[in-house]
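Visitor: when you get a sec, could you give me coordinates for this:
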Amino acid sequence: MGLKRFLLIRFAATLFTLFAIVTLLFLIVRLVPGDPTQMFINEAVWSDPAAIQRQRELWGLNDPIYIQYLRYLWNLVTFQFGQSFTQGISVRPIIIDKLLNTIVMMGPSVVLMVVLGAVWGAVAGWRRGSRFEQISAIVSLATRAVPSFFLAIIVLMIFSYNLRWFPSGGMVEAGTNLPFLQEIFSLDFLRHLILPTIVLVLRGANESFLLMRTSIIEVKGEDFFETLWAKGLSEPQVIRHAIRNAILPLITYIAVISAFLFEGQVLIETIFAWPGIGRQIVTSLMDHDYPVAQAGFFLTALVVVSMNLVVDVLYGYLDPRVKY
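Guide: You can find the predicted model right below:
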């Protein structure tokens with residue numbers, strides 16, 4: 001299969017996946033029990049059917065379901081997303097603001113968990129059978145088995161409530177009103193970022209560790225590996241060659257890590273009161289704010305699916321053994 005045909009098929013599959021996701025999302029959000037109008041009409045007005053109908057007309061909830069679906073698809077395609085039920089403003093600035101907050105929390109975590117996990121796994125794999133490798137495997141499996149919410153609560157209890165080294169939640173101190181770039185480069189932001197990053201790295205680095213350790217062990221068993229020693233290469237040179245071959249599966253795993261983080265961010269952002277897109281989705285579902293919840297889920301799915309597409313294409317360039 002040629003590269004162009006592969007890209008076309010892969011891109012079409014990505015579009016179909018997104019279409020299936022947004023369709024299921026539309027149905028699931030509307031199956032959540034409750035009526036959005038009940039959240040915003042007081043008891044005196046709630047007894048007036050005319051007031052309820054006016055509110056539903058304003059939000060387009062009285063339209064036929066297929067009309068609501070087509071409007072929903074158009075909003076997603078145009079990235080307009082409609083109006084928020086609860087805030088009465090366009091959904092797009094709300095979602096973009098929350099998405100940026102999530103990205104600045106996840107970015108350092110992804111870099112640290114990939115780099116630290118890869119180095120840790122490479123050393124353990126290179127020293128196969130050593131005490132370091134045995135202890136590392138035990139620690140990795142133990143941290144992997146701990147649920148993220150439990151780990152987050154333990155970290156909060158130790159470093160925030162008991163030692164009082166770091167704040168318990170939020171992105172900055174309450175009342176801080178700085179431009180976004182000044183805010184994320186402030187010491188106050190860094191103090192709030194440390195605890196969520198610790199939890200995400202502890203949960204994610206063990207996956208990178210296990211993958212890199214296995215890859216190094218497999219590479220060491222290849223025939224070309226013995227040839228490198230026979231040529232008289234030094235140990236650092238051999239290690240470099242081993243890492244270049246072993247790191248390829250880790251690149252693919254970056255897409256999986258992204259999906260894992262977006263999956264776990266809801267709990268992490270809720271526990272640490274981080275004003276990100278995961279927490280916004282939870283709030284919107286509780287308030288039956290359909291446009292905001294749908295936009296948040298859509299952008300999350302778009303990031304994860306796009307990462308898988310990019311990694312699939314990139315892998316062919318990095319590994320000459322891959323044929324399209």
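Visitor: so N177 is in which element?
Guide: In the assignment (DSSP states H and E), N177 maps to no helix and no strand.
Visitor: can you report phi and psi for it?
Guide: phi -130, psi 80 (degrees, to the nearest 10).
Visitor: try Q83
Guide: phi -110, psi 140.
Visitor: tell me what it is bridged to.
Guide: In this entry, Q83 is beta-bridged to S90, by DSSP bridges.
Visitor: which residues are in contact with it?
Guide: Taking C-beta atoms under 8 Å, 6 or more residues apart in numbering, we find Q83 in contact with 89-91, 291. Placement of C-beta: from N, CA and C, glycine included.
Visitor: out of those, which are buried?
Guide: 91, 291 (16 or more other C-beta atoms under 10 Å).
Visitor: residue contacts, the residue nearest to G296 when sequence neighbours are not counted?
Guide: The shortest distance from G296 to any non-neighbouring residue, by C-beta to C-beta, 6 or more residues apart in numbering, is to I281 (4.1 Å). Counting by C-beta under 8 Å, 6+ apart, I281 touches 266, 292-293, 296-297, 300.
Visitor: the same query, at a cut-off of 7 Å, please.
Guide: Contacts for I281 (C-beta atoms under 7 Å, 6 or more residues apart in numbering) come out as 266, 293, 296-297.
Visitor: from memory I194 sits against F166, does it?
Guide: Yes: using C-beta atoms under 7 Å, I194 is in contact with F166, at 5.6 Å.
Visitor: so which of the two has more stuff around it?
Guide: Per other C-beta atoms under 10 Å, whichever of I194 and F166 has more neighbours is F166, with 19 against 14.
Visitor: ok so, going back, nearest to V29 among the contacts of I281?
Guide: Relative to V29, the closest of those is A293; by C-beta to C-beta it sits at 5.7 Å.
Visitor: and the closest one, what element?
Guide: Going by DSSP H and E, A293 is part of helix 290-318.
Visitor: tell me what that helix is packed against?
Guide: Helices and strands touching helix 290-318, as assessed by 3 or more C-beta pairs under 7 Å, 6 or more residues apart in numbering; DSSP states H and E, comprise helix 3-31, helix 91-126, helix 248-271, helix 277-286.
Visitor: how is this structure divided into domains?
Guide: Here the domain parsing of the chain from automatic domain parsing is 3-78, 95-318.
Visitor: before we move on, the earlier item: now render the contacts of Q83 as a markdown table, adding distance to W120 and pLDDT.
Guide: Shown next, in a markdown table, are the contacts of Q83 (distance: C-beta to C-beta, whole Å; pLDDT from 0 to 100):
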| residue | distance to W120 | pLDDT |
| --- | --- | --- |
| I89 | 46 | 80 |
| S90 | 45 | 82 |
| V91 | 41 | 84 |
| P291 | 43 | 84 |
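Visitor: just the closest of the contacts of Q83 to F79, please.
Guide: Distance to F79, by C-beta to C-beta, is smallest for V91 among the contacts of Q83, at 9.8 Å.
Visitor: low-confidence stretches in the stretch 151-300 of the chain?
Guide: The stretch 151-300 of the chain contains residues with pLDDT under 70 at 175, 221-226, 228-233, 235, 241, 246, 255-256, 258-264.
Visitor: which ones are touching I194?
Guide: Taking C-beta under 7 Å, 6+ apart, one finds F166 in contact with I194.
Visitor: so for the helix or strand hosting it, what gets flagged as buried?
Guide: Following DSSP H and E, one finds I194 within helix 187-220. Using 16+ other C-beta under 10 Å as the test for burial, helix 187-220 gives 189, 192-193, 195-213, 215-217, 219.
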